[in-house]
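S.K.: give the three-dimensional model of this entry:
(chains A and B)
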Amino acid sequence: MLKRTHMATEITPQMAGQRVVLNGWVDTRRDHGGLIFVDLRDGSGLVQLVFSPEVNQEAFTTGEQLRGEHVIGASGLVRIRPEDTENPNLKTGLIEVYVDQVEVFNRAQTPPFYIEDNIDVDEMLRMRYRYLDLRRPEMRKNLVLRHQVTQALREFLDERGFLEIETPMLTRSTPEGARDYLVPSRVHPGEFFALPQSPQIFKQILMVAGMEKYFQVARCFRDEDLRADRQPEFTQLDIEMSFIEEEDIFQLVEDMLAHIFKQGMNRDIQTPFRRLTYQEAMRLYGSDRPDLRFGWEIVDLTEIVREVEFKVFSGAIKAGGVVRGLNARTCGSFSRKEIDDLTELALDWGARGLAWINVTTEGLKSPITKFFSDEAMNQILSALKAEPGDLLLFCADQEDVVARVLGNLRLELGRRLHLADEDALELVWITDFPLLEYDEDQKRYVAVHHPFTSPREEDISRLESEPLQVRARAYDLVLNGTELGGGSIRIHRRELQERMFAVLGLTPEEVADKFGFMLEAFEYGTPPHGGIAFGMDRMLMLMAGRESIRDVIAFPKTQRAACPMTAAPSPVADKQLQELGIRLRVKGVPKQ
RNA sequence: GGAGCCGUAGUGUAGUGGUGUAACAUGUCGGCCUGUCAAGCCGAAGAUCGCGGGUUCAAAUCCCGUCGGCUCCGCCA
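M.R.: You can find the predicted model right below:
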């Protein structure tokens, strides 16, 4: 075998005259009849090979047979390219290799799509031939970035005394949270393991075990519907520490992200990060993961319009709601149709309508101005800092609806007007989340974060009396409007954890059955502890500048949670089901 | 569970409101060609228009259903 002496892009002009052996794939071939150029691609990049009968007739004859993606070994001398034939687009564009010996390791079928960047093909085809898709430089680059960032994280945490500890993939199903992926147990017929939604309970138990500083690059599984940023299996950087408070987590994470953004992207990010309470974020941006790359803050007008004649506003307030406005700067030029489009969107998001005022140099144009006194209108204009050319948008309803509608309008207009600086990295901590919310479907309280999150000390007394008023010691980290990670200080006393379960409507029997081992562990000397988990795929997607996490995952699944390459999932043999004691209620259909 | 967009040679598209031997680019195959790097020139092959049904004298085109891909809502402690 012609064994490689150099990677393609290691060859430099200084090596002229030297013999090299290269291994790789034929990227493109340009056959001039009497002279053949082949771009050879390996893991490092491209280099041009030259096949000429004057150099070696046999190699030239083989060169004529080469086709795209054939796998070859080539031996030859490095030459400086003749003047005016240099290629500035190639790292190796000053040189070429005159091949005098070539070995075809393997021929290749014509690939179903081009092995190059920026292709526009059906994504299913890319997934079905993922091994070809990953040959494309941009996809390779993403996996390299993923490796580098993961390495940098391990290094960083190791230096600070963290232990990387693996937790089970086969664990037990718990009642709260997402739908579990289940794995039947052969040894215990009729019983199932669940794949972990996160290592949450195990990492807390590790704190009980005195590990004090833990981390894991952990695969997590959730059987919910997919999105561009959601896959059924995904990777979290999971961290937990003992004897710490919120500030310790913030400090660690800010240092850590500064480190990996430098390592992975050569970007400097400013620390400490901004902080907003959940309340502030919802009030100003209508979202608990605000995109702070542009301003456009939402303005509360409730007090100004409480007594106005306009029933849509005053009525909403009487019903316990709020009125807020958004100044869509420069959107005064919007046509009636564009405003109708925005109204349509607002209705989708739950609004009952969208009031608007067009501020022009000739005055206000709007269907609603007639309901306002001059004084009230002036207060509104002043509160929204309205200037000619602006379009003012208003929403009146219950607070959560108003926040959602105006928050989404803000984002939608931000996208349309390209308000966000594409290069900006706006990181912000969101703190003081509510501990609980009421689930109308289940008719009970559910944890906003998870059931192990500690309430704030001063709110604990209200846990049973005013559950919705209790604030959690939870925090999220948001980058450019995407939730990167979240965590909390945990409950570490049995008594409080039991109260929490009770508020969530779990019976003592359920608690004993599902979480008895955890409560028991808490009785054996549990330190105060807390942690955080990051969605690695999302973080890498943002770092790589991609729009889907599928592009930073080697073998992702389609929106229907299937793998086109392996054709998983698939029916299984009756014998396998028998061993597991499983009878199907639906007929397993053989795939094509 | 719901909404939207899409499905035509290997690939990307055009054609779509009734007449086509289904067009273009690129790739593939063959020929020519000694400085290309998206090589060039000449030629050829390649599509039951996702699948099933319906309407019609006639369907890629209209209707119904279905499958698949993507985006979003619900869901994702």
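
S.K.: ok, longest helix in chain A?
M.R.: helix A:137-159 (DSSP state H).

S.K.: check the average confidence over that one, would you?
M.R.: For helix A:137-159, mean pLDDT is 96.

S.K.: show me what that helix packs onto, helices and strands only.
M.R.: strand A:163-164, strand A:213-221, helix A:246-265, helix A:536-544 (3 or more C-beta pairs under 8 Å, 6 or more residues apart in numbering; DSSP states H and E). C-beta here means a position set from N, CA and C on the backbone, and glycine is covered the same way.

S.K.: out of those, flag the one nearest RNA strand B.
M.R.: strand A:213-221 (8.1 Å; C-beta to the nearest atom of the strand).

S.K.: next, the angle helix A:246-265 makes with the closest one.
M.R.: 70 degrees (axes from the mean of the first three to the mean of the last three C-alpha atoms, to 10 degrees).

S.K.: what packs against the next helix or strand after strand A:213-221?
M.R.: Per DSSP states H and E, strand A:213-221 leads on to strand A:233-242 as the next helix or strand towards the C-terminus. Secondary-structure packing of strand A:233-242 (3+ C-beta pairs under 8 Å, 6+ apart): helix A:200-208, strand A:213-221, helix A:246-265, strand A:529-535, helix A:536-544.

S.K.: what strands line up against strand A:233-242, and which way round?
M.R.: strand A:213-221 (antiparallel), strand A:529-535 (antiparallel) (DSSP bridges).

S.K.: what about it, near RNA strand B?
M.R.: No: Strand A:233-242 does not reach RNA strand B (C-beta under 7 Å from any atom of the strand); its nearest approach is 9.3 Å.

S.K.: so what's residue A:467 closest to, chain neighbours aside?
M.R.: Nearest non-adjacent residue to residue A:467, counting by C-beta to C-beta, 6 or more residues apart in numbering: residue A:436, 4.8 Å away.

S.K.: what's across from that neighbour in the sheet?
M.R.: According to DSSP bridges, beta-bridge pairing links residue A:436 with residue A:447.

S.K.: distance of it relative to RNA strand B?
M.R.: 9 Å (C-beta to the nearest atom of the strand, to the nearest Å).

S.K.: now the stretch 451-592 of chain A against RNA strand B: closest residue?
M.R.: Counting by C-beta to the nearest atom of the strand, the stretch 451-592 of chain A gets nearest RNA strand B through residue A:559, at 2.9 Å.

S.K.: so that residue, which of the three states?
M.R.: Under the three-state scheme (DSSP: H, G, I helix; E, B strand; the rest coil), residue A:559 adopts coil.

S.K.: which non-adjacent residue is nearest it?
M.R.: residue A:226 (4.9 Å).

S.K.: what's the burial count for that neighbour?
M.R.: Counted by other C-beta atoms under 10 Å, the residues lying close to residue A:226 total 17.

S.K.: again with residue A:586
M.R.: 5.

S.K.: repeat that for residue A:405.
M.R.: 28.

S.K.: can you tell me the SS state at it?
M.R.: helix.

S.K.: let me see the contact set for it.
M.R.: A:286, A:346, A:349, A:350, A:351, A:354, A:395, A:397 (C-beta atoms under 8 Å, 6 or more residues apart in numbering).

S.K.: what do you get for residue A:59?
M.R.: Going by C-beta under 8 Å, 6+ apart, residue A:59 touches A:51, A:74, A:99, A:100, A:101, A:102.

S.K.: switch the cut-off to 7 Å
M.R.: A:51, A:99, A:100, A:101, A:102 (C-beta atoms under 7 Å, 6 or more residues apart in numbering).

S.K.: understood, closing this out.
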